[in-house]
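J.: Structure for this input, please:
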Amino acid sequence: MADVNRGNRPLSPHLTIYRPQITSMLSIMHRMTGIGLVFATALIVWWLLAAATSAVHFAFIDGLLTSWVGLPVLLGISWAMSYHFCNGIRHLIWDMGFGFEIDKMELSGKIVVGASFLLTALVWIVA
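T.: This is a model prediction of the structure:
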């Protein structure tokens, strides 16, 4: 028979008592940056099609991307690309069976975040 006390039992684990770890947050961020990069790819394709189509279309999209709205978007795209790249290398290292100790996982996560910001700054300085 059905449990009549179903509504009185707490959920397990409940979100109010769950303490997020760095690995779970970086995993969520990896997925979010992957989804964001899909939209970034569409933006790049739009830019390339505009460049191949006409000078008027290219001037519009180029003006949009170099405006006060477009530059933070481009900065976010370059950070997402850097983060996704660095975290992908981290996952490749895990695939080889290394770095599964808790302290090494936390350290590699911090390295990934720092390296992504450093790589983004390097890209923007060079470009």
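
J.: does the residue nearest the centre of the chain belong to a helix or a strand, and which?
T.: Nearest to the mean C-alpha position of the chain, counting by Cα atoms, centre = their mean, stands residue 33 at 2.3 Å. Element membership for residue 33, per DSSP states H and E: helix 22-53.

J.: ok, now residue 56?
T.: Using DSSP H and E, the element containing residue 56 is helix 55-65.

J.: which residues sit against that helix?
T.: Applying Cβ atoms under 8 Å, 6 or more residues apart in numbering, the external contacts of helix 55-65 come out as 43, 46, 47, 49, 50, 51, 70, 71, 73, 74. Heads up, the C-betas are built off the backbone N, CA and C, glycines and all.

J.: For the closest residue to residue 123 other than its chain neighbours, list the residues it contacts.
T.: Distances taken as Cβ to Cβ, 6 or more residues apart in numbering put residue 78 closest to residue 123, at 5.4 Å, once the chain neighbours are dropped. Applying Cβ under 8 Å, 6+ apart, we find residue 78 in contact with 120, 123, 124.
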